[in-house]
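A.B. asks: using only what follows, build the 3D model:
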Amino acid sequence: MTKAKRRRKRRNRRRRNREEEEEEEEEEEEEEGEEEEEEEEGEGEGEGEGEEEEEKEEDIVLSVFVTTIKRGHTPQRKRQPQKLLPACMQQQQQQRQQQQQQQQKQQQQQQQQQQQINSKNRRVETQQIAAYTLQCMQGR
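C.D. replies: Model prediction:
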């Protein structure tokens with residue numbers, strides 16, 4: 001990788017991280033504003049304790065998520081584990097791979113044979129040309 005490409009990637013990565021942090025902060029501010037509104041509305045109605053506990057748990061999870069992002073640990077998408085194929089599917093896949101390998105070998109052999117034939121033909125042509133020029137030079 002060239003230096004410029006690495007620099008570009010680094011710059012883009014930093015920009016993406018910055019944008020993600022800004023989005024998280026905006027979301028956090030919006031949620032805080034909504035919570036304050038709900039609290040103001042809920043004071044007259046009297047919210048249930050279960051809802052308050054759920055909100056606290058959500059806040060904890062969000063704060064942990066935000067702090068990990070601020071530290072630079074962006075959550076990576078988990079790779080999907082390769083699903084194990086049934087035995088018959090694996091056999092078919094192996095057979096296909098073997099067939100492809102055999103076809104490649106055959107193509108290589110054919111190319112080598114063609115190259116050998118071409119080189120022989122070139123030799124014969126040069127011999128014929130040499131013989132003809134010799135005959136011409138001798139005056140026949």
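
A.B. asks: domains of this structure?
C.D. replies: What the record gives for the chain is the domain set 3-70, 85-140, from automatic domain parsing.

A.B. asks: lowest-confidence stretch among those domains?
C.D. replies: Note on these: lowest mean pLDDT is at domain 3-70, with a mean of 76.

A.B. asks: residues contacting Glu55?
C.D. replies: Neighbouring residues of Glu55 by C-beta atoms under 8 Å, 6 or more residues apart in numbering: Glu35. The C-beta positions use only the backbone N, C-alpha and C, and glycine is treated the same way.

A.B. asks: and it, which of the three is it?
C.D. replies: Using DSSP: H, G, I helix; E, B strand; the rest coil, the structure places Glu55 in helix.

A.B. asks: that one and Glu34, how far apart?
C.D. replies: Taken as C-beta to C-beta, to the nearest Å, the spacing of Glu55 relative to Glu34 amounts to 10 Å.

A.B. asks: now swap in Lys120 and tell me
C.D. replies: Between Lys120 and Glu34 the distance is 85 Å, computed by C-beta to C-beta.

A.B. asks: please apply the same query to Arg7.
C.D. replies: Arg7 is 41 Å from Glu34, by C-beta to C-beta.

A.B. asks: can you report how many residues lie near Gln97?
C.D. replies: Other residues lying near Gln97 total 10 when counted by other C-beta atoms under 10 Å.
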